[in-house]
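In: Got a predicted structure plus its sequence, pasted below:
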Amino acid sequence: MLEPATLIYALVGALGLIGADAYFNSTTLHVETSVAPVYEERGYSQKVVESLFAGELENIASTPSVITRLRFVTSKHKPISSALAEAAHLKEPFEAAKAAVGISYSTVLASVVVDSIGGKDFPRIVVSGNMEDVEHFSLTVPLTPNTSVDLALSEAAFRTMKEINPYLTALYAFSGAERNGVHPTQADSLVEEWIANAPTSVYSPERALFENLRGLVSLIDNDPIAAESWFSRANKSDPELQAAILNRGFMESYRGYHDRAIEFHNQVVDGSFWSESTDSKIVYAAHIGLGIALASQRKFEESDYHFAEAIAITPDGVAGYYYWARSLMKQDRAAEATALVGTAQRNAKQIANYAELAYLYFWLPDEANGVLERRTKNLPKVLGMLVAPESSTE
């Protein structure tokens with residue numbers, strides 16, 4: 001005779017739901033909350049706390065990244081199979097059955113609690129998590145009379161994501177600094193902290209992500225020598241990290257070593273490291289890098305091809321049009337350059353920077369070792385051509 005939990009899995013298996021469980025396991029973070037009555041009376045119901053906490057987790061999880069394998073979603077709903085088990089009052093045997101077949105859920109529990117000690121109340125937010133590939137963790141955010149519960153929940157979510165995915169959390173902090181126009185100090189601290197405790201093995205794809213991001217921070221700090229070192233370290237830690245390869249190519253062009261830049265960019269364009277998760281922005285940036293390097297060598301026919309390829313990949317982008325216009329001005333094709341600049345200006349209203357790719361964060365100067373400008377809505381001038389500022393950051 002089948003055990004009750006086995007019967008349930010037979011049922012959900014017949015309904016095709018075990019596959020759904022496997023999907024949830026790999027892509028979904030399940031969020032559960034509980035709230036002390038005193039805070040419910042203040043308007044912070046379980047639904048409100050869940051919405052605030054899960055919402056901030058989703059904000060961090062949706063941080064724009066050219067490394068798509070880092071993304072996941074949060075859910076406030078249990079998988080259907082779990083709901084069936086709870087409805088049948090068979091939660092414990094069901095959990096045992098899941099463990100037996102190797103299925104587990106990534107779950108975070110956030111609780112607003114009030115401890116009474118010696119007649120005094122000590123409210124706090126307590127978060128605990130059980131994650132696949134992450135050690136069980138717990139953290140506490142104290143609540144004082146002067147503490148905003150909303151801000152405390154936001155801090156709890158940030159610290160939770162730091163436990164779950166420290167890289168994505170650092171990238172989120174970087175993006176926040178970009179939006180606010182300030183130095184990414186918090187992101188830099190997170191990166192340095194992680195690298196200080198990183199594994200020492202030669203090959204480490206996870207460490208490579210942080211080293212690559214540290215290189216971008218070095219460029220923001222106007223330290224190209226340190227940036228080159230970090231990008232090289234990232235490339236050594238993971239020779240297939242396309243962002244690091246392109247950033248090394250960016251630095252070679254910045255130094256004026258265009259032959260070497262072309263070698264790096266070709267590694268990406270030829271598809272050697274492509275996978276299903278390769279972001280189109282990676283290939284877009286590679287074609288831009290090749291166009292810039294070839295135009296600097298006055299190989300205009302080849303550079304035109306790569307700029308056209310970049311525009312075909314991202315027709316609503318900015319860099320492809322801007323750098324192609326710069327190349328056309330070197331060829332005394334001012335009318336065509338002016339048209340391309342006009343398109344770049346119109347598209348600049350939607351320009352966005354990506355902290356993992358130097359090509360999509362800075363404007364590469366036309367002269368070797370020139371001043372690096374962060375990409376904004378206003379385009380730099382093109383070889384003396386006046387570029388009108390827009391009132392409107394790919």
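Out: Now that the structure is in, tell me what you want to look at. Numbers count the residues shown, from 1 in each chain.
In: C-alpha only now, for contacts and for neighbours.
Out: Will do.
In: And the strands in this structure, which stretches?
Out: With DSSP state E as the criterion, the chain has strands at 28-35, 73-75, 106-117, 120-131, 134-142, 362-363, 373-374.
In: Quick one: closest of those to T343.
Out: Among the strands of the chain, strand 362-363 comes nearest to T343, with 16.9 Å by C-alpha to C-alpha.
In: before we move on, the earlier item: could you say which of the strands of the chain is packed most deeply?
Out: Neighbour counts (mean count of other C-alpha atoms under 10 Å) averaged over each of those peak at strand 28-35, with a mean of 21.
In: low-confidence ranges in the protein?
Out: For the chain, applying pLDDT under 70 flags the ranges 1-27, 68-105, 272-277, 383-394.
In: that older thread, can you redo the strands of the chain as JSON lines with distance to S51?
Out: Listed next are the strands of the chain as JSON lines, based on distance: least, C-alpha to C-alpha, whole Å:
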{"stretch": "strand 28-35", "distance to S51": "10"}
{"stretch": "strand 73-75", "distance to S51": "10"}
{"stretch": "strand 106-117", "distance to S51": "11"}
{"stretch": "strand 120-131", "distance to S51": "15"}
{"stretch": "strand 134-142", "distance to S51": "18"}
{"stretch": "strand 362-363", "distance to S51": "36"}
{"stretch": "strand 373-374", "distance to S51": "35"}
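In: tell me the contacts of S253?
Out: R260, A261, I292, A293, A368 (C-alpha atoms under 8 Å, 6 or more residues apart in numbering).
In: Identify the spatial nearest neighbour of the first one, chain neighbours not counted.
Out: To tie it back to what came earlier, the one meant is R260. Using C-alpha to C-alpha, 6 or more residues apart in numbering and skipping residues adjacent in sequence, the residue nearest R260 is E252, 6.3 Å away.
In: what's near enough to touch the one you found?
Out: H258, R260, A261.
In: how about the first one, what does it touch?
Out: By C-alpha under 8 Å, 6+ apart, the residues touching H258 are E252, A293, L294, S296, Q297.
In: Excluding chain neighbours, what is closest to the last one?
Out: By the measure of C-alpha to C-alpha, 6+ apart, the closest residue to Q297 outside its immediate chain neighbours is H258, 7.5 Å from it.
In: Quick check: that neighbour vs F300, distance?
Out: Note on H258: its distance to F300, by C-alpha to C-alpha, to the nearest Å, is 14 Å.
In: any residues in contact with both of these two?
Out: Common neighbours of H258 and F300 (C-alpha under 8 Å, 6+ apart) are L294.
In: thinking again about what came up before, relative to L294, how far out is the residue nearest to Q297?
Out: Distance of H258 to L294, given as C-alpha to C-alpha: 7 Å.
In: Same check on R375?
Out: R375 sits 22 Å away from L294, taking C-alpha to C-alpha as the criterion.
In: With R124 instead?
Out: 59 Å.
In: cool, Q46 as well?
Out: Between Q46 and L294 the distance is 59 Å, computed by C-alpha to C-alpha.
In: Looking at those two, which one has more neighbours?
Out: The neighbour comparison of Q46 against L294 (other C-alpha atoms under 10 Å) goes to L294, with 22 against 19.
In: unless I'm mixing things up, that one is touching H306, no?
Out: No: under the criterion of C-alpha atoms under 8 Å, L294 makes no contact with H306, lying 9.1 Å away.
In: Now for the most centrally placed residue in the chain: which residues touch it?
Out: In the chain, the centroid-proximal residue (C-alpha atoms, centre = their mean) is S65; its distance is 3.5 Å. Residues near S65 by C-alpha under 8 Å, 6+ apart: Y354, E356.
In: For S175, see how far away it is.
Out: Counting by C-alpha to C-alpha, the separation of S65 from S175 is 10 Å.
In: Can you work out which residues contact both of the two?
Out: In contact with both S65 and S175: Y354, using C-alpha under 8 Å, 6+ apart.
In: what's the spacing between S303 and Q331?
Out: 12 Å.
In: okay, those two: which has more neighbours?
Out: Neighbour count, other C-alpha under 10 Å: between S303 and Q331, S303 has more, with 25 against 13.
In: Isn't the more buried one up against A295?
Out: Yes: S303 lies in contact with A295 (C-alpha under 8 Å); the separation is 5.4 Å.
In: Spit out the contact partners of the closest residue to L364 other than its chain neighbours.
Out: Setting aside the residues directly before and after it, L364 is nearest to L372 in space (C-alpha to C-alpha, 6+ apart), at 6.3 Å. L372 sits next to N222, F362, W363, L364, P365 when contact means C-alpha under 8 Å, 6+ apart.
In: Dihedrals phi and psi, the residue lying closest to the first one once chain neighbours are set aside?
Out: It refers to N222. Closest residue in space to N222, ignoring its immediate chain neighbours: L372 at 8.0 Å, by C-alpha to C-alpha, 6+ apart. Per-residue torsions, L372: phi -80, psi 130 (degrees, to the nearest 10).
In: I figured A208 hits D238, correct?
Out: Yes: with contact defined as C-alpha under 8 Å, A208 counts as touching D238 (5.8 Å).
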